[in-house]
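**Q** With the sequence up front, the predicted model follows.
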Amino acid sequence: MSKGLASIMKQAQMMQQKMGKLQEEAAQKTVEATSGGGAVTAVVNGKNQLISLTIKKEAVDPEDVEMLQDLVVAAVNEALAKVQTEMAEQMNKITGGINIPGLF
């Protein structure tokens, strides 16, 4: 095997190890987002799982359930967008900007 090919293989192995570690760390990474001036708070992890959802009592209005639903959707979507951005940034550091579909 040529030195160039051996070097590429070694780099690929190191990148694979770093990506595996990042995927393990993703479960521990959490991001929080709020909506409605803090009325609804969503926390998601790096695996795009909703960890917690907090709704303040004053946000609950039986006459306006749609507003509460909108606040929940907004908070969850913002948290998911934040964590996806953070995970993509971490992956770009590992891959040097090479887009590898399906990792995060």
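**A** Sure thing, it's come through.
**Q** Just give me the neighbour total for Met9.
**A** Met9 has 11 neighbours, counted by other C-beta atoms under 10 Å. To be clear about C-beta, it is placed using only N, CA and C from the backbone, and glycine gets the same treatment.
**Q** Determine how far the last residue of stretch 53-66 lies from the first.
**A** Terminal residues of stretch 53-66 lie 17 Å apart, using C-alpha to C-alpha, to the nearest Å.
**Q** Can you give the distance of it from its chain's centre?
**A** 26 Å (C-alpha atoms, centre = their mean, to the nearest Å).
**Q** So what touches that stretch?
**A** Identification of contacts with stretch 53-66 by C-beta atoms under 8 Å, 6 or more residues apart in numbering yields 36, 38-43, 67-68, 71-72, 75-76.
**Q** in that stretch, what's buried?
**A** Ile55, Ala59 (16 or more other C-beta atoms under 10 Å).
**Q** for the protein, what spans make up the helices?
**A** 3-26, 65-95 (DSSP state H).
**Q** lowest-confidence stretch among those helices?
**A** Ranked by mean pLDDT, these end with helix 3-26 at the bottom, a mean of 79.
**Q** the inter-axis angle of that helix versus helix 65-95?
**A** Computed with axes from the mean of the first three to the mean of the last three C-alpha atoms, to 10 degrees, the direction of helix 3-26 lies at 150 degrees from that of helix 65-95.
**Q** hey, C-alpha coordinates of helix 3-26 in CSV?
**A** Taking Å, rounded to 0.1, in the frame of the first residue of the first chain, the C-alpha atoms of helix 3-26 are listed here in CSV:
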residue,chain,number,x,y,z
LYS,A,3,2.1,6.0,1.8
GLY,A,4,-0.6,8.3,0.4
LEU,A,5,-3.3,5.6,0.5
ALA,A,6,-2.2,4.5,4.0
SER,A,7,-2.4,8.1,5.2
ILE,A,8,-5.9,8.5,3.7
MET,A,9,-7.0,5.3,5.4
LYS,A,10,-5.6,6.4,8.7
GLN,A,11,-7.4,9.8,8.4
ALA,A,12,-10.7,8.0,7.6
GLN,A,13,-10.4,5.8,10.6
MET,A,14,-9.7,8.8,12.9
MET,A,15,-12.7,10.6,11.4
GLN,A,16,-14.9,7.6,12.0
GLN,A,17,-13.8,7.4,15.6
LYS,A,18,-14.5,11.1,16.1
MET,A,19,-17.9,10.7,14.5
GLY,A,20,-18.8,7.8,16.7
LYS,A,21,-17.8,9.8,19.8
LEU,A,22,-19.9,12.7,18.6
GLN,A,23,-22.9,10.4,18.1
GLU,A,24,-22.5,9.1,21.7
GLU,A,25,-22.2,12.6,23.0
ALA,A,26,-25.3,13.7,21.1
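**Q** No more questions from me, cheers.
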